[in-house]
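Peer 1: Below is the structure, and that's it, no one-letter string:
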Ligand SMILES: [Zn+2]
């Protein structure tokens, strides 16, 4: 399901149920997968040698999970840039790079609506809450959380969004010239 939701009206209970299932692509957020352990370091990631070179980084979140089947650690990194052009640049430049023998994957990060917001309550975490407290804007792209995207499909979608924003900037000639 693709939907565009506008305005700041309070969602009805029915609407809230359907909004719970949505993930919203955050176009200034990137999700990096597959980094070697020693690079999962905020200072290193922010440096100009790594992700700092693509723009102004507002926030870095590191996450570590254990693969229940292999017992191996899986590292994920979320980087918020000041704007979506910087995030797009990071995806185009860094996805599929081979770093210390590992191929890293970089896609847009997603977020959800805050449950407090959907139940029409005031969120106590206010600004610290990482979820959305308003309906998505016209530019936002939403995907159903039940859709099981493969990483490749998601990557394709990420690149399509970037292409679209390039077209909107009217600089397509740079890329379409032969
Ligand atoms: Zn919240």
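Peer 2: Alright, I've got the coordinates. Not measured: the values here are computed from a predicted model. Numbering: from 1, shown residues only.
Peer 1: what packs against the lengthiest strand in the chain?
Peer 2: Longest strand in the chain by number of residues (criterion: DSSP state E): strand 22-33. The contact analysis (3 or more CB pairs under 8 Å, 6 or more residues apart in numbering; DSSP states H and E) places strand 22-33 against strand 73-81, helix 84-94, strand 105-111, strand 141-144, helix 151-169. C-betas here are computed from N, CA, C, even on glycine.
Peer 1: so what strands line up beside the third one?
Peer 2: Strand pairing for strand 105-111, determined by DSSP bridges: strand 22-33 (antiparallel).
Peer 1: For residue 36, report the pLDDT, please.
Peer 2: Per-residue pLDDT puts residue 36 at 90.
Peer 1: ok, it touching residue 100?
Peer 2: Yes - counting by CB atoms under 8 Å, residue 100 is a contact partner of residue 36 at 4.7 Å.
Peer 1: would a markdown table of the helices and strands packed on strand 22-33 with mean neighbour count, mean pLDDT and distance to residue 24 be doable?
Peer 2: Formatted as a markdown table, the helices and strands packed on strand 22-33 follow (neighbours: other CB atoms under 10 Å; pLDDT from 0 to 100; distance: least, CB to CB, whole Å):
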| stretch | mean neighbour count | mean pLDDT | distance to residue 24 |
| --- | --- | --- | --- |
| strand 73-81 | 18 | 92 | 14 |
| helix 84-94 | 20 | 90 | 13 |
| strand 105-111 | 21 | 90 | 5 |
| strand 141-144 | 18 | 76 | 5 |
| helix 151-169 | 14 | 76 | 12 |
